[in-house]
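**Student:** Next one to model:
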Amino acid sequence: MRLSHNLDRLSVEGGRLYRAHLTQLRAILHLNVRTFVRAILQYTDLEREPTLYTYPIDRTSRRLFSQYLFSYELNPQTVLFLGYSDNWQGARGSDLGQQNRTFFAKVGYAWVF
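**Tutor:** As a prediction, the model looks like this:
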């Protein structure tokens, strides 16, 4: 399991253009030699100064991204992946609303010649 947090600030002539907080949690659980489960959660909190932009932009925004992956190795040359991912977005002081959601499946294999 790994938790990280980054703070990014950019100042320009006239003031601070933006301040961004990015927090990420990444967890991997190996159930056995062939199987693992992974979860990634990313939370972004942005604060901008709209008067310093040349186009209309919100003062604040928040975003939450999540991805869950299940991996099973059928044999040394074939792996099955099943997963889910979604994005939530909103402004500070309001609830996050779901923007999209994706379910996916993938089979990875190697050709033997």
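
**Student:** What pLDDT is listed against the nearest residue to Gly14 once chain neighbours are set aside?
**Tutor:** The spatially closest residue to Gly14, leaving aside those adjacent along the chain, is Leu52, at 5.5 Å (Cβ to Cβ, 6 or more residues apart in numbering). For glycine as for every other residue, the C-beta is placed from the backbone atoms N, C-alpha and C. On pLDDT, Leu52 comes in at 90.

**Student:** Leu52 reaches Gly15, doesn't it?
**Tutor:** Yes: between Leu52 and Gly15 there is a contact at 6.0 Å, judged by Cβ atoms under 8 Å.

**Student:** Compare those two and say which one has the larger neighbour count.
**Tutor:** Leu52 (16 against 9; other Cβ atoms under 10 Å).

**Student:** so who does the more buried one touch?
**Tutor:** With contacts defined as Cβ atoms under 8 Å, 6 or more residues apart in numbering, Leu52 is in contact with Val12, Gly14, Gly15, Leu17.

**Student:** Serialize these to JSON lines and add fields for secondary structure, pLDDT and distance to Leu74.
**Tutor:** Below are the contacts of Leu52 laid out as JSON lines (DSSP: H, G, I helix; E, B strand; the rest coil; pLDDT from 0 to 100; distance: Cβ to Cβ, whole Å):
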{"residue": "Val12", "secondary structure": "strand", "pLDDT": "90", "distance to Leu74": "54"}
{"residue": "Gly14", "secondary structure": "coil", "pLDDT": "86", "distance to Leu74": "58"}
{"residue": "Gly15", "secondary structure": "strand", "pLDDT": "88", "distance to Leu74": "57"}
{"residue": "Leu17", "secondary structure": "strand", "pLDDT": "92", "distance to Leu74": "50"}
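
**Student:** the strands in the protein, which residues?
**Tutor:** 2-12, 15-30, 35-48, 60-75, 78-90, 97-109 (DSSP state E).

**Student:** now the contacts of Leu52 in a markdown table, with distance to Ile57?
**Tutor:** Output for the contacts of Leu52, formatted as a markdown table (distance: Cβ to Cβ, whole Å):
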| residue | distance to Ile57 |
| --- | --- |
| Val12 | 14 |
| Gly14 | 15 |
| Gly15 | 14 |
| Leu17 | 10 |
